[in-house]
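Asker: Quick one, structure for this:
(2 chains)
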Amino acid sequence: MALSGLGLGSRAFRLPRQGYNLDECQDALAVDAERGRFALADGAAESPYAALWAKLLVEEFVRQDDPLPRWANWLPSLQERWLSAICSPYSAFLSSRDSSEDGGQRSADVPWYLEPGLTQGAFATFLGLVFEDNSWYALAVGDSCLFQVRRGELIRTFPILHAADFSNAPWLVGSRTSPIEVPHKNGHQQYGECQPGDRFWLMTDALAQWFLLQTEAGSKPWLSLEPLIYPGSSDDEAQHAFAAWIEGLRNERRLRNDDVTLVAISQ
Amino acid sequence: MPYTAEISRSNPTCFLFLVDQSKSMLGPIGGSSSNKKADVVADSLNRLLYTLVLRCVWGQTVLDRFHVGVIGYGRQIRPALGGGLAERVLVPIGELARNPLRVEQRTNLVDDGRGGQVEQIVKSPLWFESAGDGKTPMCKALEQAIQIVSGFLLEHPACYPPLVVNLSDGEATDGNPEEMAKNLGDLASEDGAVLLFNGHISSHASQAIEFPDDEEGLPDDYARRLFRMSSLLPPAMLQSARQSGLTVTADSRGFVFNADLASVVRFLDIGTRVDPKNLR
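Answerer: Below you'll find the model as predicted:
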């Protein structure tokens, strides 16, 4: 489905891990094809309100104007929004803790097992992609990945280069971490040029790892993905086809059971 | 490949703790004149349960990825969780989270983010209290573990293999527990053999040892026997152990000497972890 403006077409998929509902999926995606802005985030399941944090990150990124906004410019206000959006006894507990008030009473409203996670904050990986004219700019923390394919060849891989580089403890953006910490020190930026016909694939870690394993074995995994996003099919049909394909990979144990998000973008 | 089944609420596994509550546990731990072995074990177990619950927090809830039991062995062999969970053998972890015996408040010093430190009150739940009386019927405790784990395997044949953690000073008084440990290790789910890990809390003043791969360097016969009873760490756990900076080899076993076993819980693969080292 080619769109006006930059002439970008896109299709996005988001699925929970097997045995979970879509409202339990901790991945988030945001697409503004008109403005050429795309983002993915993968909330770390152990932190409370990680799905909310992932959603805030991607939505704010596509609203921004800079191709590569500086973390220090947009993270602090986003962290405040996370704090005000979480359940009120919990935000009151965190506010009292932050201001060193007597937190004893506030803390009575919080189950003990939520306290450490709330205090630490929510965490998510992040990948943002912006198109401007014939260039693209990408920003990443963690293991959500971008692949650029041109004329049947994979020409760019970002930020993880090898399937073996995935771990279950990726770098993360925190809702209560100093903005100059992780994103600044361990964020990656990349840019490149794009040509008509290029295809960009953005995906969260489980699918990205499968993708890299395929390429390392000499296959062209995008050839498996292409039919699923075939522009002729309706979005419903494409969603069903994608869900069935993912289910198949999981059942064959070729794909880790994790939330899966995929955004396909055609130039 | 064994030890790759997903641990989830639809396919939970079982964590069974066997805790030595014999009289010898009232003796001091090696290198200390005041810390009783029984208190060290109670602390260690409460910390393990704390860590295990936190690993199952999902959003605002606790997913029942584990069914947890604690069997004490000393004068009697019986379920040893306290409070509302007394007499229960296996408890879904969400229920465990909501029903500690009591929640104490600890004061921790934490960074204030501005270069200083600030006192922070942290809740510290307890499910289990230390005790020490009678002999050390470790063989019978393992026999009971075999029954409990067999029952769990019948209901969850495809689960990640149940983990049995034995915390003891190693001085069994009802025979040689190695044979019973072997019988326990003969039980299996479709995903692999049941795992037995041992935490040896000893009066022997020797430095802490974690996941050794050889019995040669261990300080006494009790330690060597518990080492032989312990399962090899599955490959995924080895990898996590390496990632957290421990020196382990393919022959490393689930055995620690005068050290904390809470790391075992961290090594289980249950989804993306927030690893403190990756936050800075």
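Asker: For the residue of the stretch 1-150 of chain A found nearest chain B, which non-adjacent residue is spatially closest?
Answerer: Chain B sits closest to residue A:112 of the stretch 1-150 of chain A, with a gap of 3.9 Å, by C-beta to the nearest C-beta. Where you see a C-beta, it was placed from the backbone N, CA and C, and this is true even at glycine. Once flanking residues are discounted, residue A:112 sits nearest to residue B:123: 3.9 Å by C-beta to C-beta, 6 or more residues apart in numbering or on different chains.
Asker: Can you identify each of the strands in the stretch 101-250 of chain A by residue range?
Answerer: Using DSSP state E, counting those that start in this stretch, the strands of the stretch 101-250 of chain A run over residues A:123-132, A:135-141, A:145-150, A:153-158, A:173-174, A:188-193, A:199-203.
Asker: buried set for the first one?
Answerer: When neighbours are counted by 16 or more other C-beta atoms under 10 Å in any protein chain shown, the buried residues of strand A:123-132 are found to be A:123, A:124, A:125, A:126, A:127, A:128, A:129, A:130, A:131.
Asker: Around the closest residue to residue A:245 other than its chain neighbours, how many other residues sit close by?
Answerer: Setting aside the residues directly before and after it, residue A:245 is nearest to residue A:228 in space (C-beta to C-beta, 6+ apart), at 5.9 Å. For residue A:228, the neighbour count with other C-beta atoms under 10 Å in any protein chain shown is 21.
Asker: how far away is residue A:228 from residue A:238?
Answerer: With distances defined as C-beta to C-beta, to the nearest Å, the gap from residue A:228 to residue A:238 amounts to 6 Å.
Asker: Residue B:96 contacts residue B:53, doesn't it?
Answerer: Yes: the pair formed by residue B:96 and residue B:53 meets the contact definition of C-beta atoms under 8 Å, at 6.6 Å.
Asker: Give me the more crowded residue out of these two.
Answerer: Neighbours were tallied for residue B:96 and for residue B:53 using other C-beta under 10 Å; the higher tally belongs to residue B:96 (28 against 23).
Asker: closest point of the stretch 51-200 of chain B to chain A, which residue?
Answerer: Relative to chain A, the nearest point of the stretch 51-200 of chain B is residue B:123 (3.9 Å; C-beta to the nearest C-beta).
Asker: In contact with that residue, which residues?
Answerer: Residue B:123 makes contact with A:107, A:112, A:115, B:103, B:104, B:105, B:106 under the criterion C-beta atoms under 8 Å, 6 or more residues apart in numbering or on different chains.
Asker: Let me see the confidence value for the nearest residue to the first one once chain neighbours are set aside.
Answerer: Of all residues not flanking residue A:107 in the chain, residue A:93 sits nearest, at 5.8 Å (C-beta to C-beta, 6+ apart). Listed pLDDT for residue A:93 reads 83.
Asker: Starting from residue B:18, give me the distance back to residue B:87.
Answerer: Computed with C-beta to C-beta, the distance linking residue B:87 and residue B:18 is 17 Å.
Asker: Tell me which of these two has more neighbours.
Answerer: Neighbour totals were compared for residue B:87 and residue B:18, and residue B:18 leads with 25 against 8 (other C-beta under 10 Å).
Asker: Sheet-wise, list the partners of the helix or strand encompassing that one with their directions.
Answerer: For residue B:18, the host element (DSSP states H and E) is strand B:13-20. Strands adjacent to strand B:13-20 in the sheet, as given by DSSP bridges, are strand B:66-73 (parallel), strand B:163-168 (parallel).
Asker: In PDB, list the C-alpha atoms belonging to it.
Answerer: Extracted C-alpha coordinates of strand B:13-20, given in PDB (Å, rounded to 0.1, in the frame of the first residue of the first chain):
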ATOM      1  CA  THR B  13       8.000 -26.300  36.600                       C
ATOM      2  CA  CYS B  14       8.500 -27.200  40.200                       C
ATOM      3  CA  PHE B  15      11.100 -25.900  42.700                       C
ATOM      4  CA  LEU B  16      11.400 -28.100  45.800                       C
ATOM      5  CA  PHE B  17      13.600 -27.100  48.700                       C
ATOM      6  CA  LEU B  18      14.800 -29.600  51.200                       C
ATOM      7  CA  VAL B  19      16.100 -27.900  54.300                       C
ATOM      8  CA  ASP B  20      18.200 -29.500  57.000                       C
END
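Asker: List the contacts of it.
Answerer: For strand B:13-20, with C-beta under 8 Å, 6+ apart as the criterion, the contacting residues are B:5, B:7, B:41, B:45, B:48, B:52, B:65-74, B:80, B:90, B:128, B:136, B:138, B:141-142, B:145, B:148-149, B:152, B:156, B:159-169, B:201.
Asker: mind running it again at 6 Å?
Answerer: B:7, B:45, B:66-72, B:136, B:141, B:145, B:148, B:152, B:159-160, B:162-168 (C-beta atoms under 6 Å, 6 or more residues apart in numbering or on different chains).
Asker: Give the next helix or strand downstream of that strand.
Answerer: Sequence order places helix B:37-54 as the next helix or strand after strand B:13-20, per DSSP H and E.
Asker: How about residue B:253: what's its closest non-neighbour residue?
Answerer: Nearest one to residue B:253, counting by C-beta to C-beta, 6+ apart, is residue B:230 at 4.1 Å.
Asker: Please apply the same query to residue B:166.
Answerer: Counting by C-beta to C-beta, 6+ apart, the nearest residue to residue B:166 once its immediate chain neighbours are dropped is residue B:18, at 4.4 Å.
Asker: Name the residues of stretch A:235-253 that are buried.
Answerer: Neighbour-count burial for stretch A:235-253 flags A:238, A:239, A:241, A:242, A:245, A:246, A:249, A:250 (criterion: 16+ other C-beta under 10 Å).
Asker: what's the distance between that stretch and the middle of its chain?
Answerer: Relative to the chain's own centre, stretch A:235-253 is displaced by 19 Å; criterion: C-alpha atoms, centre = their mean, to the nearest Å.
Asker: Enumerate the beta-bridge partners assigned to the nearest residue in space to residue B:117 that is not next to it in sequence.
Answerer: The shortest distance from residue B:117 to any residue that is not its chain neighbour, by C-beta to C-beta, 6+ apart, is 4.7 Å, and that residue is residue B:109. Using DSSP bridges, the beta-bridge partners of residue B:109 come out as residue B:119.
Asker: What is the neighbour count of residue B:109?
Answerer: 10.
Asker: quick one on the thing from earlier: okay if I get the buried residues of strand A:123-132 as CSV plus pLDDT?
Answerer: Output for those, formatted as CSV (pLDDT from 0 to 100):
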residue, pLDDT
A:123, 92
A:124, 94
A:125, 95
A:126, 96
A:127, 97
A:128, 97
A:129, 97
A:130, 97
A:131, 96
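Asker: among these, which are in reach of chain B?
Answerer: residue A:123 (C-beta under 6 Å from any C-beta of the partner chain).
Asker: give me the low-pLDDT residue ranges for chain A?
Answerer: Across chain A, the ranges flagged by pLDDT under 70 are A:1-7, A:100-106, A:182, A:231.
Asker: how about the residues of it that lie near chain B?
Answerer: A:19, A:44-48, A:112-113, A:115, A:117, A:123, A:168-169, A:171, A:177, A:181, A:257.
Asker: still on that earlier bit, what helix or strand is the residue of the stretch 51-200 of chain B closest to chain A located in?
Answerer: Mapping residue B:123 onto the secondary structure by DSSP H and E places it in strand B:117-126.
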